[in-house]
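Engineer: Structure for the following, please:
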Amino acid sequence: MLPCNVTESGVLIIRLRADLDIGGRAAAAWAIDGYLAAHRSAPVMLELSDAPLSTAAVSTVVRTHRMCRSAGAPLAVLAATAEARRALEAQAGAEGLAVQPTRTLAAAALSAASPPVATAA
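Structural biologist: All right, here's what the predicted structure looks like:
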């Protein structure tokens, strides 16, 4: 199971190993799909570890991007290393995937992408 938590502001943070292998790719996608179903349209931050980015991890991020778009859930991807950001943007940049270098920038991207929440007067 992938580690995840929900922040006070309702952002679902999922931590994905950047060195994910092919065998773990399906399990990771299945777990992420379950999180998305449980947290219906909540903004998602996918946080990659600092390990070198594997092909399976890139594939999982792209698949997560598509699942979030389909579910109407804003997604921000956090990859601290420039190499990982370049690899991800090369694979999914045409699909509108933006990869952020810090949690602060990822949270700001989610805030910009999320619709405002209506409050009772």
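Engineer: Report the contact partners of the spatially most central residue of the chain.
Structural biologist: Nearest to the mean C-alpha position of the chain, by Cα atoms, centre = their mean, lies L46 at 2.7 Å. When contacts are counted by Cβ atoms under 8 Å, 6 or more residues apart in numbering, L46 is found next to 14, 16, 61, 64, 75-78. (Glycine included, C-beta is placed from N, CA and C.)
Engineer: send the alpha carbons of the lowest-mean-pLDDT helix or strand in the chain over as CSV?
Structural biologist: Every helix and strand of the chain was ranked by mean pLDDT, DSSP states H and E. The lowest is helix 82-92, at a mean of 85. Listed next in CSV are the C-alpha coordinates belonging to helix 82-92 (Å, rounded to 0.1, in the frame of the first residue of the first chain):
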residue,chain,number,x,y,z
ALA,A,82,15.5,18.4,-11.9
GLU,A,83,16.1,15.2,-13.7
ALA,A,84,12.8,13.7,-12.5
ARG,A,85,10.9,16.8,-13.4
ARG,A,86,12.4,16.8,-17.0
ALA,A,87,11.6,13.1,-17.5
LEU,A,88,8.0,13.6,-16.3
GLU,A,89,7.3,16.7,-18.3
ALA,A,90,8.8,15.0,-21.4
GLN,A,91,6.3,12.2,-21.0
ALA,A,92,3.2,14.0,-20.0
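Engineer: For that helix, give me every contacting residue.
Structural biologist: Contacts of helix 82-92 with the rest of the structure, by Cβ under 8 Å, 6+ apart, involve 18, 48, 52-53, 58, 61-62, 65, 77, 79, 97-99, 101.
Engineer: ChimeraX command for the buried members of these?
Structural biologist: Burial among the contacts of helix 82-92 is assessed by 16 or more other Cβ atoms under 10 Å; the matching ChimeraX selection reads:
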select :18,48,53,58,61,62,65,77,79,97,98,99
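Engineer: Which of the contacts of helix 82-92 fall within strands?
Structural biologist: Per DSSP state E, strands hold the following members of the contacts of helix 82-92: 48, 77, 99.
Engineer: which sections of the chain are below the confidence cut-off?
Structural biologist: Counting by pLDDT under 70, the ranges of the chain that qualify are 1, 93, 114-121.
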